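Colleague: coordinates only, sequence not included:
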């Protein structure tokens, strides 16, 4: 089973961030420009929260607020579930399911080192399963 380190090694460790005082509209524009569903909120070089499309939908749209006036700080998720490089993808999937989150910041020595999404986890698990199937097929057929 692949680890977070292996997944980030394949996809890269670029993390799109935004400050907590930025307007929500700016964050939305950044997410649209980068074609991503979440931004890590960083303040003074430290992880402060996570802003997702879900936060926007539930805390701005449904409450009839304006994204041009509200700072990210007001709607970001503050309790962020994080993982380490050594965690396996099955563990990440279980954590995402239990905590009902779609993005996991990766910390190394308490510093932001990457971000994995539910899509990354599913892709890695499918690749592992496909590899196992191929190995079993070779074993059954008696081919190396």
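Modeller: Good, I have the coordinates. This structure is a prediction, so every number in the text was calculated from the model and none was measured. Numbers count the residues shown, from 1 in each chain.

Colleague: contacts for stretch 19-37?
Modeller: By Cβ atoms under 8 Å, 6 or more residues apart in numbering, the list of residues contacting stretch 19-37 from outside reads 16, 18, 38-39, 41-43, 48-49, 51-53, 56, 60, 67-76, 102-103, 117. To be clear about C-beta, it is placed using only N, CA and C from the backbone, and glycine gets the same treatment.

Colleague: Recalculate using a threshold of 10 Å.
Modeller: Where contact means Cβ atoms under 10 Å, 6 or more residues apart in numbering, the residues beyond stretch 19-37 that reach it are 14-18, 38-39, 41-44, 48-49, 51-56, 59-60, 65-76, 78, 102-103, 115, 117-119.

Colleague: tell me which residues in that stretch are buried?
Modeller: Judged by neighbour count (16 or more other Cβ atoms under 10 Å), stretch 19-37 contains these buried residues: 19, 20, 22, 23, 24, 25, 26, 27, 28, 30, 31, 36.

Colleague: Just name whatever secondary elements the helix or strand where residue 106 lies is in contact with.
Modeller: Taking DSSP states H and E as the criterion, residue 106 maps to strand 103-108. The criterion is 3 or more Cβ pairs under 10 Å, 6 or more residues apart in numbering; DSSP states H and E, and the helices and strands that strand 103-108 contacts are helix 4-11, strand 38-43, strand 46-52, helix 89-99, strand 111-117, helix 118-141.

Colleague: so which of the buried residues of stretch 19-37 would you say is closest to residue 90?
Modeller: residue 36 (24.0 Å; Cβ to Cβ).

Colleague: what about the chain, any weak spots by pLDDT?
Modeller: Low-confidence regions of the chain, defined here as pLDDT under 70, cover residues 144.

Colleague: Find the residue at the geometric middle of it.
Modeller: Taking Cα atoms, centre = their mean, the centroid of the chain lies closest to residue 103, which sits 2.5 Å from it.

Colleague: about what we covered before: any of the contacts of stretch 19-37 buried? List them.
Modeller: For the contacts of stretch 19-37, burial is judged from neighbour counts taken by 16+ other Cβ under 10 Å, and it is met by 15, 17-18, 38-39, 41-42, 48-49, 51-52, 55-56, 59-60, 67, 70, 72-73, 75-76, 102-103, 115, 117-118.
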